[in-house]
Every structure is written in C-alpha cells, then in structure tokens.
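In: Structure, please.
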Amino acid sequence: MRRWFLLGAISCLTLLPTIAVAQAVKLKPHEISALLMGNTAVGKWQGVRYRQYFAADGVTLFAQQGIRTARGKWRVDSGREEYQSRWPGDAAWEGWFVMEWDGDFYWVSKSTPPTPFRVEQGQRLDWPDQ
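Out: Numbering: from 1, shown residues only. Next up is the predicted model:
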C-alpha cells in the first residue's frame, strides 16, 4: 500500500511542471511587435482562409484567396498591450490581444472567440498549393 502511495506521489510531482507550462500567456507589446513585424500571419477568419502581412512602416496587407488584397495600418498599443489595426472606412483603431498557448498563437478580443493563427517569416501573401 505504501509503495502505491509513493508511486502516485511521484507521478503527481512529475506532471505538475507539464501542467504549469500549458497556460495561456498574453504577449507583451515588445513581444507582439517582434512576432508580427516583417512577418505574415496565416489562419482562418470567420471560416475563411487569410494571410496578413505586417510591414515595419505600419502598413498591413490582408489577403484572402480570390479577393483583392486590402491595405490598412497596424500598430501595437503599449498602454493597452494589444495589436491594433485600422482599415479604410474605419472610424477608430480596433484592438486584439495576442495570446500564446502551448506554442500556438491566438487573436483574442471581447467580441470574438480566440482565433488561432501561425506566423510565417517575411511577406508571404502567395497561396501555396496545400
């Protein structure tokens, strides 16, 4: 009986570090900039595949297959600790937190569910055959 208790205790202790690592982390402003600047986010927005490039000069390009690429602006708001974008016709900047969980990235806001994306280095607005 004592042996089973000892094995159970050891198992719990070895699982604790794994559980602690698998927590969602909100990226800080400098981490958001480093992740996005000069790179392309790839994912699905409202069920439609997209690619979005973030230029160092604050220009962002949003592409969906078969639709004309949209040109907007992007920035990181240090006070709110969020990524923000503004598109032609928008009255104000709209913001999202950038979260990381278990090596995956997510856009998160009060009005949308967490939306996963991955990052490709450089400007990658092309649609490779997949």
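In: correct me, but Val108 touches Trp96?
Out: Yes. Between Val108 and Trp96 there is a contact under CB atoms under 8 Å: 6.1 Å. In this view, the C-beta of every residue, glycine as well, is placed from N, C-alpha and C.
In: ok, these two, which is more surrounded?
Out: Legend: neighbour count by other CB atoms under 10 Å for Val108 and Trp96, higher for Trp96 (19 against 16).
In: buried stuff in the helix or strand where that one lies?
Out: Element membership of Trp96, judged by DSSP states H and E, is strand 94-101. Going by neighbour count (16 or more other CB atoms under 10 Å), the buried part of strand 94-101 is 95-99.
In: and those as TSV, adding distance to Lys26 and pLDDT?
Out: Below are the buried residues of strand 94-101 laid out as TSV (distance: CB to CB, whole Å; pLDDT from 0 to 100):
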residue	distance to Lys26	pLDDT
Gly95	12	96
Trp96	11	95
Phe97	5	96
Val98	7	97
Met99	6	96
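In: For burial, what's the neighbour tally of Arg80?
Out: When neighbours are counted by other CB under 10 Å, Arg80 registers 12.
In: What distance do you get for the nearest residue to it once chain neighbours are set aside to Pro88?
Out: Leaving aside its sequence neighbours, Arg80 sits nearest to Gly95 (CB to CB, 6 or more residues apart in numbering; 6.0 Å). To Pro88, Gly95 is 18 Å away according to CB to CB, to the nearest Å.
In: go on, Val119?
Out: From Val119 to Pro88 the distance is 25 Å (CB to CB).
In: So between these two, which is more surrounded?
Out: The residue with more neighbours, out of Val119 and Pro88, is Val119; 14 against 8, by other CB under 10 Å.
In: hey, where'd the strands end up in this protein?
Out: 25-26, 39-45, 48-54, 59-64, 67-77, 82-86, 94-101, 104-108, 115-121 (DSSP state E).
In: For Arg51, give the beta-bridge partners.
Out: Arg51 has these beta-bridge partners by DSSP bridges: Val42, Ala63.
In: and it, what pLDDT?
Out: At Arg51, the predicted lDDT confidence score is 96.
In: residues in contact with stretch 29-41?
Out: 27, 50-56, 74, 76-78, 81-83, 98, 105, 117-125 (CB atoms under 8 Å, 6 or more residues apart in numbering).
In: Okay then, goodbye and thanks.
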